[in-house]
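1. Take a look and give me a structure for this.
(one chain, ligands or ions: 1)
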Amino acid sequence: MTTLEPERFRLEDTTVWSFPDRGVWVSHNPSYRGNWAPQVPRNLILRYSKPGDLVLDQMCGSGTTLIECKLTGRNAIGYDINPRSIELCKKNLNFTSDVKETSIQIHNGDARDLYNLSNNTVDLIATHPPYIDIIKYSNGEIYGDLSNINNIDNFCKEINAVASECFRVLKPSKYCGILIGDTRRRKYYIPLAYKVMQEFLNAGFKLKEDIIKCQWNCKSTPYWRTKITQYNFLLIMHEHLFVFEKPDG
Ligand SMILES: C[S@@+](CC[C@H](N)C(=O)[O-])C[C@H]1O[C@@H](n2cnc3c(N)ncnc32)[C@H](O)[C@@H]1O
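-> You can find the predicted model right below:
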């Protein structure tokens, strides 16, 4: 346990975000593979919600978003399909914050069916799905784990179900931030992020921002660097952080 606040933090004000140093405040640490830098949910939370609001992360992994909610005085509800992630979340949230106490709920559940959340109840969604099967969070034993899907169209179909649930539970005029990266299949670039964006538009959202997030400290980068010369391609070093708005009426 270190400090309760990032040492250097400023609210981002452009469409390019880059956090080469992800920081180590409270229980944040990079050991959960593919977890997002805490500066990402912190920016979303501070810009698009206010203290006392309810924030949802329905694929909460190690709990980065929920930790930031606890530190900034937002109520939060987190889900993850993997019971091991839920245990880790609980451990990571075991600290005392110095802001007014908030309610943080964590459930082992499926982002495609948030059965215990009513329509129009959430003030902000900040979430981060698997990038198809680039990092597998289980080995096929957990039914519904989206990181076990290999086919792009099948993945997008399930993301459409996630987007519909986001649309159902979010209050009108409120925002949904989602971070997603692209991939390659054989020789070709697959714009997975834009495909995911389209599913959110199909669900009824409007696109407010398309933020390029620079990628740092990716574990597989050294492996792919060895392949660049052999296959003559460029390393993918960015992700898209889409911010969607649920229209009012
Ligand atoms: C990229 S990780 C999220 C990491 C998180 N942002 C963090 O900082 O720790 C994606 C998460 O989605 C979860 N997941 C996969 N399929 C899911 C589903 N159908 N419903 C809920 N969670 C799911 C995985 O178990 C994994 O923890």
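
2. Can you get me a residue count around the residue of the chain with the smallest separation from the ligand?
-> Nearest residue of the chain to the ligand: Gly61, at 2.7 Å (C-beta to the nearest ligand atom). Every residue, glycine included, has its C-beta placed from N, CA and C. Neighbours of Gly61 under the rule other C-beta atoms under 10 Å: 26.

3. Under a three-state scheme, what state does it occupy?
-> At Gly61 the chain is in coil, as set by DSSP: H, G, I helix; E, B strand; the rest coil.

4. Quick check: it touching His128?
-> Yes: with contact defined as C-beta atoms under 8 Å, Gly61 counts as touching His128 (7.1 Å).

5. which residues are common contacts for these two?
-> By C-beta atoms under 8 Å, 6 or more residues apart in numbering, Gly61 and His128 have these common neighbours: Asn35.

6. pLDDT wise, what is Arg225 at?
-> Per-residue confidence (pLDDT) for Arg225: 80.

7. Could you measure from it over to Gly181?
-> 17 Å (C-beta to C-beta, to the nearest Å).

8. Ok, Leu117 next?
-> Relative to Gly181, and taking C-beta to C-beta, Leu117 is found at 27 Å.

9. Which parts of this structure are strands?
-> Assigned by DSSP state E, the chain shows strands spanning 16-17, 54-57, 75-80, 104-108, 122-127, 170-181, 183-185, 188-190, 206-214, 238-245.

10. how about those in JSON lines, adding mean neighbour count, mean pLDDT and distance to Glu7?
-> Compiled in JSON lines, the strands of the chain are given as follows (neighbours: other C-beta atoms under 10 Å; pLDDT from 0 to 100; distance: least, C-beta to C-beta, whole Å):
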{"stretch": "strand 16-17", "mean neighbour count": "14", "mean pLDDT": "98", "distance to Glu7": "18"}
{"stretch": "strand 54-57", "mean neighbour count": "26", "mean pLDDT": "98", "distance to Glu7": "24"}
{"stretch": "strand 75-80", "mean neighbour count": "25", "mean pLDDT": "98", "distance to Glu7": "24"}
{"stretch": "strand 104-108", "mean neighbour count": "17", "mean pLDDT": "97", "distance to Glu7": "24"}
{"stretch": "strand 122-127", "mean neighbour count": "26", "mean pLDDT": "98", "distance to Glu7": "22"}
{"stretch": "strand 170-181", "mean neighbour count": "20", "mean pLDDT": "98", "distance to Glu7": "23"}
{"stretch": "strand 183-185", "mean neighbour count": "14", "mean pLDDT": "93", "distance to Glu7": "34"}
{"stretch": "strand 188-190", "mean neighbour count": "12", "mean pLDDT": "95", "distance to Glu7": "37"}
{"stretch": "strand 206-214", "mean neighbour count": "15", "mean pLDDT": "98", "distance to Glu7": "20"}
{"stretch": "strand 238-245", "mean neighbour count": "21", "mean pLDDT": "98", "distance to Glu7": "23"}
